[in-house]
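Trainee: 3D, please:
(chains A and B)
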Amino acid sequence: MRGRSRRVALLVVLVLAASALGLEVGARLLGRSRGRPFDAEALRIEIVTHLGAVSPRAFIRGGHQDQARAATAPESVILSPYTAWEDLGLQARIASDHEYYRQSESESVFDIYILGGSVANGFGKIGAAPLLARLRQDPFFAGRELRLHNYGVAGFKQMQQVMLLGYLFDWSHRPDAVIEIDGFNEAAIGAGNARIGVHPTYPSISHWARAAYGLRTDFELVRILHELRVKQDRATAFGSRLLDSGLWRSAFLGQVGKAILVRLRRAYVEQFFVYQSYVADHPMDLGSKGPRFDDDAEAVTEAVVTNWEESSVSMHAMCAARGIAYLHVLQPALHDEGSKPLTAKEIETGGAGPAWVDGIHRAYPLLREAGRRLSARGIDFLDATGVFKDHPEDVYADACHFEQHGNDLFAAWIAPALVAAARH
Amino acid sequence: MRRILIALAVLVLGALALELGARLVDRARGSPWDAEESKAEVASLLAALSAPWVPPGAPPAGAENDADALLQPFTGWQPAEVQARIADDLDAYERPDSSAIYDVCLLGGSGAAAFADEAGQGFLETLARDPRLAGREIRLHPYGIEGTKQPQAERLLAYLLSFGHRPDAVIEIDGLDEAGIGWSNAMQGTSPLYPSAEIWARLTQGLRFDWEMVELLHELEEARSEAKASCERHLRLRLWRSCVLDHAGSHLLDWQLRRVEAAEAAIGAYVAQRAREAELMGPRTSTQPEALAATIVSAWEEASVDMHALCESRGIAYLHVLEPEPVEGGGGKPRSSAGVELVRPRLRDAGERLKARGIAFLDGDSALGDRSAASAAGLAEAAARALPVR
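Mentor: All right, here's what the predicted structure looks like:
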C-alpha cells in the first residue's frame, strides 16, 4: 500500500516537473517562432520599468510640496482669491516690487509692466531686450533707465488682468507704463469654456480646476485615495517580489508574473483615472461655472468681446487715474485667417481644438472692431494681428506662441506705439 | 468515541463555567453584564464608523458654515444667491426700459449689507425727492456681502462692469472690516489685502491633501475598516449574547479603536504643524503696527481710486462712505480692536485725500454728528444727499 502511494506521488512529481519543463520549453519555442527569443535580462528590465511607473507618489500637490516647489518650479499654479490662480513666483514678485517702489531709486526709472497670458509672459522674457533696445533709441527715454516687469501669467485672460492690475495698485505699485497683450486666450479659451458649460468670461476652467482641486475634504475623496494607495501598494509589492524571487529568469513564469504585474498596474491606473475625474469634476460643484449664460455661439462671442473691451476700458481708467501710460495690444493668432502666410511647419504644429479655432474665427474680427472703438475713446490701442502678414517664414511655434524672431518683430511694432502712449 | 464525548463535555462545562464566572465577576464589580446594552453599544459604534469621517478643523455641527458660499475667481467667494442675481441683473440692464430707471449699485461688506437691510428703503425715498431724478424709478442693487472687505468690493465692481452691468450710481460703504479683518489677517500670517483669512481658509484649505496626508488617511481608513468589520462580525455572530465572547470582542474593538484614535491624532498633529500654504498667505507683508496700518490704509485708498476711475470712465456717479462706528446699544456690532483704533483715524485722513482728488467721500461719523444711537436712517439720508447724481 505504502509502495503504491510512493509511486503515485513520484508520478505526480514527475508529471508536474515534465509539465513545468514543457511549459518552459514551449514558451521559449513560441517566443523564438514569433521572432522574439526569450531574453531574461530584457524581461527583468521590463518588469523594473513597470514597477518604476507604478511606484512614484508625486501626483498630489499641496502643503509641503507647494512650499518646496516654490523654489524649483515658480510657475506652478496655486489658487488666488482675486485672479483665480497665480503662479507661485508671483507673490514674491509682488512683494519685492512693493519694496522697490518704496525706494527713491524707483522714481528715476521708467517702469514698464507687461500683462496678459502666456504670449505676454513670453514677450516679457524674450521680447524684453529688443523692446527696450528700441525704446532706448527714442529721445523720449534719453537718460532714463528702463525696467520691464513681467506680469504675464500663462493661461490668463480678461478679466484676470484687470484684477491683477488693481491688485498691484492696491500694493502701491507705480509703473510708468502698462502694456496689456491679449486676444487669443479671450477668444479661444472663452469659446472653450462655453463649450463645456462654463461662462466665457470666467478664467480658463482647466487652470482654475487644477488650482482648486483637492479643496475641501470629503469622505469620497478619502475613500478614492485610500483605494488608489492600496492598488499602488499591491502592484509595487508584487513587482518587488517578482524581481527578488528571480522568476524572471524563467520564460514561462517570468511572462506570467509580468502579465500579473501589468494587470495590477492597469488596475492602479484605472483607479488613478477615477481620482483624476473626481478632482476635475469636484470644483464644478463649487460654482466654478459662473453665472448662467446664453450658449449660442454668437451670444458667447458677444460676451467675450464685451468683456475684453470693458476690461480694457477699466485698465485704462485705472492707469489714467494715476497718470500711467496704457497700451492695449491685440496679439496675432495663427488661426486668424489671412493674418500670415503659413508655412508647412506652422500648419503642422499650429493645431488647436475646434472650439478654440471657431472662437478665434468668430471673435477676432469683432475684437478688431472693438479695438477701433477703444481708440475712438482715446485709449492707446495697437492692432498687432497683422504683425506677421509680410513674413512667409516660420514664426509660430504653435497656435499662438512665437519664439525669438516673432518677438523681435512684435517688439518692433510695440515700441513706437508705447512711445506714443507715453507721450500722451 | 467515549474520549471524544468526555472532551466535548469538559469543553461545554468549561465554557459554561467561564460564562458563569464572567457574569459573576461583572456583578461583583458592580457592573452586571447586560447583553442588550452591549449590543446597542456595538451597533452605535458601527453606525459611527460607517458615517463619513469628520476631519480636524471642520466646523462642528450647527456651527457657522459656508455651504452657501461659492468660490469666485475674482472676489474670493460669493454667496450662490449673488451669482444668480448677477445674471438676473444683466438681463434687467439689457432690457429697453432700463435706461429710464436710475440704478444704484450698493457695494461693501457687512456695513453695506446692513445698510441695504435697515435703510435701503429710506435711502430710495430720500433719493426720489432729488429733483434731478424727478419721475424716474429708482432701483437699488444691494451687492454688499457680509464678511467681505476691500479690495473684494473693488474687484466685484470691475467684474460687474466687465460683465455688462450699467448702474447709474455706485455707493461703496466700508472702513470697519478693512481695518478689523485686515489687521486680524496679518496677525494670523495672512496678507491684510487678502479676504478674511478665517473664511478664505475655511473655503480653500479644509484638509488639503499632500502625500504625507494621504499616508495618514490611509492608516485611518485601514483602522476604521478593521474596527467596522469587527463590529459587524460581533453583531452577525451574536457574540453579544455571551458575556465571555462579548468581552473578548469588546477588548479587540477597544484595541482597534485605540488605533483609530491614534490615526486621528496623527492627522490632527500633522495638520497643525505642516507648512501653511502659499495660497492662504498672500504676498509677505510687515506686521509692525505702523507699517501694517499704512498698508491697510493705502490699499483702501487705492481701491477707492480704482472704483472712482471705473465709474468715471463710464459716466457713473460714485460715492464712497466711511461707515460710522457702531454706537453701543445702537444695534450694530461693535468692532473695536487694536487694528480698528490705529487704522480708523488714518482712513479719515485718506478720505480727505480722496476728496482732494475730486472723489465724493462721506465720513459716516461726521455725517451723523453727535448721536446717542447709530442711525441707519440718518446715514441713508446723508448718503442720498452726498451722491453726485448726474
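Trainee: Can you give me the first-to-last residue distance of stretch B:73-86?
Mentor: Using C-alpha to C-alpha, to the nearest Å, one end of stretch B:73-86 lies 14 Å from the other.
Trainee: first to last residue in stretch B:197-216, what's the distance?
Mentor: 26 Å.
Trainee: and residue 356, how many neighbours?
Mentor: Picked chain A for this. 23 (other C-beta atoms under 10 Å in any protein chain shown). Where C-beta positions appear, they are placed from N, C-alpha and C, glycine not excepted.
Trainee: try again with chain B
Mentor: Other residues close to B:A356 by other C-beta under 10 Å number 9.
Trainee: now B:E215
Mentor: Counted by other C-beta under 10 Å, the residues lying close to B:E215 total 15.
Trainee: repeat for A:G246
Mentor: If we define neighbours as other C-beta under 10 Å, then A:G246 has 12 of them.
Trainee: can you tell me how far it sits from chain B?
Mentor: The spacing between A:G246 and chain B, counted by C-beta to the nearest C-beta, to the nearest Å, is 31 Å.
Trainee: Just the strands from chain B, written as ranges.
Mentor: With strands called from DSSP state E, chain B shows them at B:69-72, B:76-79, B:101-108, B:137-144, B:169-174, B:317-322, B:360-363.
Trainee: For the helix or strand encompassing A:Y167, the averaged confidence score.
Mentor: Assigning secondary structure by DSSP states H and E places A:Y167 in helix A:160-170. The average of the pLDDT scores along helix A:160-170 is 96.
Trainee: Any figure for the gap between A:L242 and A:R44?
Mentor: Look at A:L242 and A:R44: by C-beta to C-beta, to the nearest Å, they are 9 Å apart.
Trainee: A:L131 too?
Mentor: As judged by C-beta to C-beta, A:L131 and A:R44 stand 56 Å apart.
Trainee: For burial, what's the neighbour tally of A:E227?
Mentor: Look at A:E227: counted by other C-beta under 10 Å, it has 17 neighbours.
Trainee: now swap in B:A262 and tell me
Mentor: B:A262: 13 surrounding residues under other C-beta under 10 Å.
Trainee: Can you name the residues bridging to the closest residue to chain A within the stretch 1-150 of chain B?
Mentor: In the stretch 1-150 of chain B, no residue comes nearer to chain A than B:L70, which is 2.7 Å away by C-beta to the nearest C-beta. The partner list for B:L70 in beta bridges (DSSP bridges) reads B:Q78.
Trainee: Does it touch B:P79 like I think?
Mentor: Yes. Applying C-beta atoms under 8 Å, one finds B:L70 in contact with B:P79, separated by 7.3 Å.
Trainee: one step back: and the strands of chain B as JSON lines, adding mean pLDDT and mean neighbour count?
Mentor: Shown next, in JSON lines, are the strands of chain B (pLDDT from 0 to 100; neighbours: other C-beta atoms under 10 Å in any protein chain shown):
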{"stretch": "strand B:69-72", "mean pLDDT": "80", "mean neighbour count": "23"}
{"stretch": "strand B:76-79", "mean pLDDT": "86", "mean neighbour count": "23"}
{"stretch": "strand B:101-108", "mean pLDDT": "95", "mean neighbour count": "24"}
{"stretch": "strand B:137-144", "mean pLDDT": "95", "mean neighbour count": "19"}
{"stretch": "strand B:169-174", "mean pLDDT": "95", "mean neighbour count": "27"}
{"stretch": "strand B:317-322", "mean pLDDT": "95", "mean neighbour count": "24"}
{"stretch": "strand B:360-363", "mean pLDDT": "94", "mean neighbour count": "21"}
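Trainee: Which one of those lies nearest to A:L228?
Mentor: strand B:69-72 (24.9 Å; C-beta to C-beta).
Trainee: quick one, phi/psi of the closest residue to A:S312 other than its chain neighbours?
Mentor: In space, not counting the residues next to it along the chain, A:S312 is nearest to A:H328; the distance is 4.9 Å by C-beta to C-beta, 6 or more residues apart in numbering or on different chains. In this entry, A:H328 is assigned phi and psi values of phi -110, psi 120 (degrees, to the nearest 10).
Trainee: what residues are up against A:H328?
Mentor: Contacts were defined as C-beta atoms under 8 Å, 6 or more residues apart in numbering or on different chains; by that measure A:H328 touches A:E180, A:D182, A:S312, A:M315, A:H316, A:G371, A:L374, A:I379, A:D380, A:F381, A:L382.
Trainee: Need those in a markdown table (columns: pLDDT, neighbour count and distance to B:Q150).
Mentor: Formatted as a markdown table, the contacts of A:H328 follow (pLDDT from 0 to 100; neighbours: other C-beta atoms under 10 Å in any protein chain shown; distance: C-beta to C-beta, whole Å):
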| residue | pLDDT | neighbour count | distance to B:Q150 |
| --- | --- | --- | --- |
| A:E180 | 98 | 27 | 23 |
| A:D182 | 98 | 26 | 26 |
| A:S312 | 97 | 26 | 23 |
| A:M315 | 97 | 28 | 19 |
| A:H316 | 98 | 25 | 22 |
| A:G371 | 98 | 23 | 32 |
| A:L374 | 98 | 20 | 28 |
| A:I379 | 97 | 22 | 26 |
| A:D380 | 98 | 22 | 29 |
| A:F381 | 98 | 25 | 30 |
| A:L382 | 98 | 22 | 33 |
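Trainee: Let's see which of the residues you listed end up in strands.
Mentor: A:E180, A:D182, A:D380, A:F381, A:L382.
Trainee: Identify the farthest-apart pair in the residues you listed.
Mentor: A:D182 and A:D380 (14.3 Å).
Trainee: And the strands in the stretch 151-300 of chain A, which stretches?
Mentor: Counting by DSSP state E, counting those that start in this stretch, the stretch 151-300 of chain A has these strands, from start to end: A:177-182.
Trainee: okay, now residue 303: neighbour count?
Mentor: Going with chain A. For A:A303, the number of neighbouring residues by other C-beta under 10 Å comes to 21.
Trainee: I was thinking of chain B, sorry if that wasn't clear
Mentor: A total of 27 residues lie near B:A303 under the criterion other C-beta under 10 Å.
Trainee: Averaged over its residues, which helix or strand of chain B has the lowest pLDDT?
Mentor: Across the helices and strands of chain B, the lowest-confidence element by mean pLDDT, DSSP states H and E is helix B:278-281, at a mean of 68.
Trainee: picking that back up, which pLDDT value belongs to the residue nearest to A:S312?
Mentor: Model confidence at A:H328, given as pLDDT, is 98.
Trainee: Give me the buried positions along stretch A:368-376.
Mentor: A:R368, A:A370, A:G371, A:L374 (16 or more other C-beta atoms under 10 Å in any protein chain shown).
Trainee: My error: substitute stretch B:88-95 in the last question.
Mentor: B:D89, B:L90, B:A92, B:Y93.
Trainee: How about the contacts made by the third one?
Mentor: The reference is to B:A92. By C-beta under 8 Å, 6+ apart, the contact list for B:A92 reads B:S98, B:R139.
Trainee: Now do it against B:R166, distance only.
Mentor: B:A92 sits at a distance of 10 Å from B:R166 (criterion: C-beta to C-beta).
Trainee: what residues do the two have in common as contacts?
Mentor: In contact with both B:A92 and B:R166: B:S98, using C-beta under 8 Å, 6+ apart.
Trainee: To what extent is B:R353 buried, counted in neighbours?
Mentor: By the measure other C-beta under 10 Å, the count of residues near B:R353 is 14.
Trainee: I'd assumed B:W300 was in contact with it.
Mentor: No. The pair B:R353 and B:W300 fails to qualify as a contact (C-beta under 8 Å) at a distance of 11.1 Å.
Trainee: Distance check, A:P139 against chain B.
Mentor: 31 Å.
Trainee: For the stretch 301-424 of chain A, which segments count as helices?
Mentor: Assigned by DSSP state H, counting those that start in this stretch, the stretch 301-424 of chain A shows helices spanning A:344-349, A:354-376, A:404-423.
Trainee: B:L8 is nearest to which of those?
Mentor: Proximity to B:L8, assessed across the helices of the stretch 301-424 of chain A by C-beta to C-beta, is greatest for helix A:354-376 (77.9 Å).
Trainee: right, quick check: that closest one against chain B, any contact?
Mentor: No. Using C-beta under 8 Å from any C-beta of the partner chain, we find that helix A:354-376 stays clear of chain B, coming within 11.4 Å at best.
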